[in-house]
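> the following comprises the amino acid sequence and a computationally predicted model.
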Amino acid sequence: MTEIAEVRDIRLVIKIDNKNPVELVDLTKSLFSLASQFSSYVEKNGNHKEEREAKLYVKEIKSGSVIVELVELATVGMIPFVENVNTVVGFAEYCKKAYKFLLKGEGKKPELSQTDYKELSAIVNPIAKDKASQINFSTTINGNVNFNFNLSSTESNAVQNIVKRELDFLKIPEQQDDKFEKVVMTWFQARGNIKSKSGNKGVIEELGKKELNIIFEEDNVKETMLHSDINPFTTAFVVDVKIININGKPSIYKIIDLHEYFDLTEE
């Protein structure tokens, strides 16, 4: 553990090696999202012994590439504490773990809310929009680099695509027992054999844009939806469903009941 007397200067350094000029609004949103993630990290991890606001302040902006040096200051006084070291370095490590998990599935999945996903995406947006650019995160203590990692433009684009996919899953509203009543379903793919247990996929747009596998609680409901005179691909069905998660992600709609249906081709 670093002695308090030795802690003079702790910085979180964000360096963007840009090939094209960075749009001001993108840079502003990136830094705002970074500050918001820092506050959220401190609130969740409770690294401070004394009560004070968790904020990052701009210490210095350097010329050349976009280099922003950020510090955390106590609300009373301007002297950094050992706790600041743990907080700033811990936050940088949190960012690395979050991005590495999104990119490669490395380590334990962090608990991320919709806001977390959106802010992690916004932080790297200036790089994702600038081919061949790179963002570097580092921490320095008394001028010495303590921690460092970076993301390329390609990786930043991948992060944003993965975030969009994760947000689609999180858009499914919460409801007791994961049962949703009288929602409208359309077929994306349907198998003709009533004995088939796989291959049926449907979309319920108010729960998510992605098509999920379909199973039925009762065969008579499946018979009505797939094996009557109804054309399933030109019909909307009002159903009760349960969502079944696999590996923490919505994967299956289980049709509980069919209330009514209507022809989408009718004017």
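On my side now, so go ahead.

> in this protein, what residue sits furthest out from the centroid?
Of all residues in the chain, Asp229 has its C-alpha farthest from the mean position, at 43.1 Å, by Cα atoms, centre = their mean.

> measure that one to Thr28 for me?
Using Cβ to Cβ, to the nearest Å, Asp229 is found at 59 Å from Thr28. Backbone N, C-alpha and C define where each C-beta goes, glycine included.

> residues contacting the residue nearest the centre of the chain?
Nearest to the geometric centre of the chain sits Tyr117, at 2.5 Å (Cα atoms, centre = their mean). With contact taken as Cβ atoms under 8 Å, 6 or more residues apart in numbering, Tyr117 is in contact with Val163, Glu166, Leu167, Leu170.

> ok, now which ones touch the nearest residue to Ile214 once chain neighbours are set aside?
Setting aside the residues directly before and after it, Ile214 is nearest to Asn200 in space (Cβ to Cβ, 6 or more residues apart in numbering), at 4.1 Å. Each residue near Asn200 by Cβ under 8 Å, 6+ apart is listed here: Trp187, Gln189, Ala190, Arg191, Asn213, Ile214, Ile215, Leu226.

> give me the ChimeraX select line for these, limited to the buried ones.
Entered in ChimeraX, the line below selects the buried ones among these, by 16 or more other Cβ atoms under 10 Å:
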select :187,213,214,215,226
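
> which ones among the contacts of Asn200 map onto helices?
Secondary structure defined by DSSP state H assigns Leu226 of the contacts of Asn200 to helices.

> okay, who's weakest in the contacts of Asn200 by pLDDT?
In terms of pLDDT, Arg191 ranks lowest among the contacts of Asn200, with 70.
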